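K.L.:
Structure for this input, please:
(one chain, ligands or ions: 1)
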Amino acid sequence: GQPLDIQYQADFCNAPEKSIFPNSSVAQIEEEHQHSGSCSQHNAANENIVRTSSYTPWTHKRQCLEDEENYQEYCIYTNANFANGRGISLFTSREIAKRVELLPAFLQQGIHDNANQFDEPPWEIRRVPGRGNGLFATRTLYRGDEIIVATPVGVYHSEVFSADRLTGYQFLRKTFEQMPNATREVILRTATNKPGDPIMERINTNAFLGDFEGAPHFLLYPETALMNHDCRPNTMTYHDSSSLIHATYASRTILPGEEITTTYINVLQTYEERQTHLRAAWGFSCTCALCSSNIGEISTSDSRTREILEMQTYLSDWSAGSLATPKMARQLLALYEAEEIHAAIGKGHVLAALAHNAVGDTFRAKKHARLAIEAELVNSGGEKDEDVKDMLMLKENPEAHRSYMARIPKS
Ligand SMILES: C[S@@+](CC[C@H](N)C(=O)[O-])C[C@H]1O[C@@H](n2cnc3c(N)ncnc32)[C@H](O)[C@@H]1O
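P.N.:
Numbers count the residues shown, from 1 in each chain. I've put the predicted structure just below:
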């Protein structure tokens, strides 16, 4: 059908409360609270939503859908004041919402004070032929420099999309309508690849699928979504599950005028695997520099990628017959460099630290542990990351670490 043209003030209030689709498998559930606030009141108040509501920490009445096939219920939860007035809408199960309410993201004052600062970003938006818009550096950025630090504006349980489509779209629209105007504008600036439901398509084109409180959810970070995908990106990312902050940092020097890119997939895949994956999950064929290079370059890169994966398998082998050596770990790091995989290099340093410690070279083991921590702290789960915890232990006391002398044959 025709794409719906979303207006900022689209009047969702006229939408019927009950499903208008008689054959719908989804029934809208009446809430225990009778919502007295009318829509006109809601729209007028939209800009300064500080209502202390009876739905705390939410600013709007919860609205739920029941998926009659699996008896699962999903509700919309909006806090329009979240992150200093940016707002957030979730469309998820009640159990997950209950856990979310207890996160520091909702309880800790000031936790988002350094997030969503887009007044003087080190980038600007420019058109990229064949790829819509993209982000371009406006000054030199060095490894570790902050590029985007943002909170999500939408969090959607992956199963909400399997419910009755049209009713589902109405609910998606509510997650949008309940947000402050400025945030709605930012959401509407994001790209869509296909005509169709405007919110659904924005989620399809821009949201990242990830684990959220133990279940797969789509997370929408509208500024982060301005970055195009590159199979050899120049950024690394960090997601903090307690504040919900997603941060993007430079993973190497980026010169003014250079496009700032991220990866949407695991980069340790061959050309064919990456293309298949991007087409299936994201609906586009990758035209990044590596994917557009000649057959010779692509095949060199593919063989290095296979070699990296093979070496990682050898270096993770702790059996008596393991072929892993410190030399192999150094070769692995050289391959990461040659392939320009700067963000994920922490993994290489973890394996190098372990390989050196395994033959009793504690000096080099500590050096690689330090480099691993530096890289992994920003490119993964931070201090809670298992690799980081392990490397901190190794750096502190290599002789007490389980890897110490583990690859010296005992006679
Ligand atoms: C999250 S958006 C990125 C920003 C988008 N270009 C815009 O104009 O806002 C994802 C979409 O950008 C385009 N895109 C991103 N990276 C690409 C790449 N490496 N090759 C081709 N298209 C790409 C695709 O259309 C993709 O669906």
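K.L.:
which strands and helices sit next to the longest helix along the chain?
P.N.:
Counting residues, the longest helix in the chain under DSSP state H turns out to be helix 295-315. Helix 295-315 makes packing contacts with helix 271-282, helix 326-338, helix 345-358 when contacts are defined by 3 or more C-beta pairs under 8 Å, 6 or more residues apart in numbering; DSSP states H and E. For glycine as for every other residue, the C-beta is placed from the backbone atoms N, C-alpha and C.
K.L.:
Can you redo these as TSV, where the extra columns are mean pLDDT and distance to E177?
P.N.:
TSV is the format used below for the helices and strands packed on helix 295-315 (pLDDT from 0 to 100; distance: least, C-beta to C-beta, whole Å):
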stretch	mean pLDDT	distance to E177
helix 271-282	96	26
helix 326-338	97	46
helix 345-358	96	41
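K.L.:
okay, those helices, which one's buried deepest?
P.N.:
Most buried of those, by mean neighbour count (mean count of other C-beta atoms under 10 Å): helix 345-358, with a mean of 26.
K.L.:
roughly how far is that one from the heart of the chain?
P.N.:
Centroid displacement of helix 345-358 relative to its chain, using C-alpha atoms, centre = their mean, to the nearest Å, is 26 Å.
K.L.:
and if you look at stretch 161-168?
P.N.:
24 Å.
K.L.:
Compute the first-to-last residue distance for that stretch.
P.N.:
Stretch 161-168 stretches 7 Å from its first residue to its last (C-alpha to C-alpha, to the nearest Å).
K.L.:
from here on, count from 47
P.N.:
Got it, the first residue is 47 from now on, which makes the last one we talked about stretch 207-214.
K.L.:
Sort out which residues of it are buried, please.
P.N.:
Residues F207, A209, D210, T213, G214 are the ones in stretch 207-214 that count as buried (16 or more other C-beta atoms under 10 Å).
K.L.:
Of all the residues in the stretch 97-246 of the chain, which one is nearest the ligand?
P.N.:
Across the stretch 97-246 of the chain, the shortest distance to the ligand (C-beta to the nearest ligand atom) belongs to G178, at 2.7 Å.
K.L.:
Helix or strand for the residue lying closest to that residue once chain neighbours are set aside, just tell me which one.
P.N.:
Spatially, and ignoring its direct neighbours in sequence, G178 is nearest to A237 (4.9 Å; C-beta to C-beta, 6 or more residues apart in numbering). Counting by DSSP states H and E, no helix or strand carries A237.
K.L.:
which residues sit in contact with the residue nearest the centre of the chain?
P.N.:
For the chain, the residue nearest the mean C-alpha position is F254 (5.0 Å; C-alpha atoms, centre = their mean). Under the criterion of C-beta atoms under 8 Å, 6 or more residues apart in numbering, the neighbours of F254 are F264, L265, Y267, Y310.
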